[in-house]
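Colleague: Okay, structure incoming, though there's no sequence with it:
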């Protein structure tokens, strides 16, 4: 049942019922249209109330239908809204909890709207690279005024119903109902049952003083803030059409704009990211109803930057944390950092004082492993060295209660080896947080060969609770993200040897849309981290070639921002990256020692060598089963590595660029004697997809 119909004392009540958010899928639209027709035909019905079951009025389009013929099947949303407008009996939309996208557009097509306080009202289409497509840009300015409507449409952010109801002169809500919404809506419907003519939003006038200048100002502001996204600027154009054009002409303009945006690479990328995020939780052999273990208390080993950041995630979610260190000074430092982070949020008004105190009250500290015995889960965040991990896990194995989950925050080490330090490998899992752990959205969940399914299900569920995007990875050196970034970094090094400066490479990457180029990123993370990994590689993989420039930099002690010098120079207390004459000379000397004559390298080559190195390595990860799906790889890069969202991630970008073109470029790079020809052989998966005419995502 996608919508129910009942009559209460002369009022027909149509209730959307398509969990979880009453999405306006085909069956729901059809049921509502049938309900309207039934009410029209029944002489005993004087008015209609339209509402939503459960925890939403309606969240808008049904995402399961995106891009399918069902999304456009009649009655489509535009037809349903028109049917509501043409109804000869008053329709009252009873809005509560969630009223977004097509749900709000449907409510705007009703004759009246009443609401309970606390409902989230929004037109979020801009977040998918679109504009509202069922009259939102034409009707919302008519009920809220141009400025409020445009702000909501351009930002896509929800506004509380009571805030909107309190705007002087607003016509969005006819009544704010504090008590029982349905009782209030029925009473209101009976009040207006005989009022004629029926009010229609489409018939309202919309004006704005000095409209032309205002829209030009809005266009300039939006253009500066959303330079890589076409949709926000188109939102301004569509709202301007509500002022400049007659209603039907404005609707036609909105529809044409919506359809054109649907085909842009930015919209494709944003929609891909939207679905990719939802797909990360689907694990083929771990059903959604897999029982989970209760995690009511968490232990964290290590009170450094990582341990403290990890602890904050759980404190924020109301889960008690006990933090262990070897020395009291280290614990004191860790607790002080957590306090400082929270106090900074309080100062900025992002956190209330009482919430801060509640969170700190959940934190306890200890120097003894024995005090962790009652924790349901422990996360180890100690130095990235197998001998150190061994010592920690042997002690955890001795003290943790049966059934407790033992997690390692390792970023590259073998989780299977770590699991074998215990007598309970089924309870061991990798939880690779990204720094700063209390801010970064990504959590790589590393599934060991012995990891129990209920352990994996529990950690995935817990990740959601602490608001992380969890991506499952198999065990390999570096997992998904760091294994790929190593190839990206190798390419960045080869580009220096062939003629680039660090600033040129970073500029090209940032122009492409990366939050930070590879060399600025290295300076921020600490160049010694990569140096430590390379030294291990030289022993384990002696045939793998690296540019020696990064080693030469580290030999000079230039570890990045923390030492005031890395690929760039830094001034005390500032983060501005200043090109370094010393580093450029070091690169030139190294180039000369290799007998390389520098050449001019285009931004296009820089970007595509960096990005396609990610794509080729990711294709190998997919072949090996380390990553479950190409869209998971994209989520790792969008949420953990600053890949531009408007490009959808490396795999989505490769599809947009064309797999044929990607493979051709790889063959060109393979022929470059100064690059790694073997690496650039296209992964078999790419060749297979190309031969079959298929895409990565």
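Modeller: That came through fine. If you're wondering where the values come from, they're calculated on a predicted model, not measured in any experiment. Numbering: from 1, shown residues only.

Colleague: Quick one: residues contacting residue 184.
Modeller: Counting by CB atoms under 8 Å, 6 or more residues apart in numbering, residue 184 touches 94, 114, 175, 177. C-beta coordinates here come from the backbone N, C-alpha and C atoms, glycine included.

Colleague: In a helix, it, correct?
Modeller: Yes: the assignment for residue 184 (DSSP: H, G, I helix; E, B strand; the rest coil) places it in a helix.

Colleague: mind listing the helices in the stretch 251-400 of the chain by residue range?
Modeller: According to DSSP state H, counting those that start in this stretch, the stretch 251-400 of the chain carries its helices in the segments 265-279, 305-316, 328-347, 353-361, 386-399.

Colleague: which helices and strands sit right next to whichever helix or strand comes after the last one?
Modeller: Tracing the chain past helix 386-399, the next element assigned as helix or strand by DSSP states H and E is strand 405-408. Counting contacts by 3 or more CB pairs under 8 Å, 6 or more residues apart in numbering; DSSP states H and E, strand 405-408 packs against strand 377-380, helix 386-399, strand 428-433, helix 453-465.

Colleague: out of the contacts of residue 184, which one sits closest to residue 39?
Modeller: Using CB to CB, the shortest approach to residue 39 within the contacts of residue 184 belongs to residue 94, at 14.9 Å.

Colleague: Could you identify which of the helices of the stretch 251-400 of the chain is most buried?
Modeller: When these are scored by mean count of other CB atoms under 10 Å, the highest mean neighbour count falls to helix 305-316 (a mean of 23).

Colleague: Other residues contacting the lowest-mean-pLDDT helix or strand in the chain?
Modeller: When each helix and strand of the chain is scored by mean pLDDT, DSSP states H and E, helix 527-540 comes last, with a mean of 88. Helix 527-540 has contacts (CB under 8 Å, 6+ apart) with 384, 412, 486, 489, 522, 544, 546, 550-551, 553-554, 558-560, 566-567.

Colleague: One more pass at 10 Å, please.
Modeller: For helix 527-540, the surrounding residues in contact (CB atoms under 10 Å, 6 or more residues apart in numbering) are 384-385, 411-413, 477-478, 482, 485-486, 489-490, 493, 519, 522, 526, 544, 546, 548, 550-551, 553-563, 565-567.

Colleague: circling back: got CSV for the helices of the stretch 251-400 of the chain, with distance to residue 253 too?
Modeller: Supplementary listing: the helices of the stretch 251-400 of the chain in CSV, determined by distance: least, CB to CB, whole Å:
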stretch, distance to residue 253
helix 265-279, 18
helix 305-316, 44
helix 328-347, 43
helix 353-361, 46
helix 386-399, 61
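
Colleague: which one of the ones you listed lies closest to residue 599?
Modeller: Among the helices of the stretch 251-400 of the chain, the nearest to residue 599 by CB to CB is helix 265-279 (30.4 Å).

Colleague: Now do residue 1, the pLDDT please.
Modeller: If you check residue 1, the pLDDT there is 69.

Colleague: typo on my end, it should be residue 260
Modeller: Reported pLDDT for residue 260: 96.

Colleague: related to what we said a few turns ago, mean pLDDT and distance to residue 188 added to the helices of the stretch 251-400 of the chain, as CSV?
Modeller: Listed next are the helices of the stretch 251-400 of the chain as CSV, based on pLDDT from 0 to 100; distance: least, CB to CB, whole Å:
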stretch, mean pLDDT, distance to residue 188
helix 265-279, 95, 36
helix 305-316, 96, 40
helix 328-347, 96, 42
helix 353-361, 96, 37
helix 386-399, 96, 61
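
Colleague: Quick one: closest of the ones you listed to residue 442.
Modeller: Go through the helices of the stretch 251-400 of the chain one by one with CB to CB and the one that ends up closest to residue 442 is helix 265-279, at 11.0 Å.

Colleague: which residue packs closest to residue 189, ignoring adjacent ones?
Modeller: Spatial nearest neighbour of residue 189, excluding adjacent residues (CB to CB, 6 or more residues apart in numbering): residue 47 at 4.0 Å.
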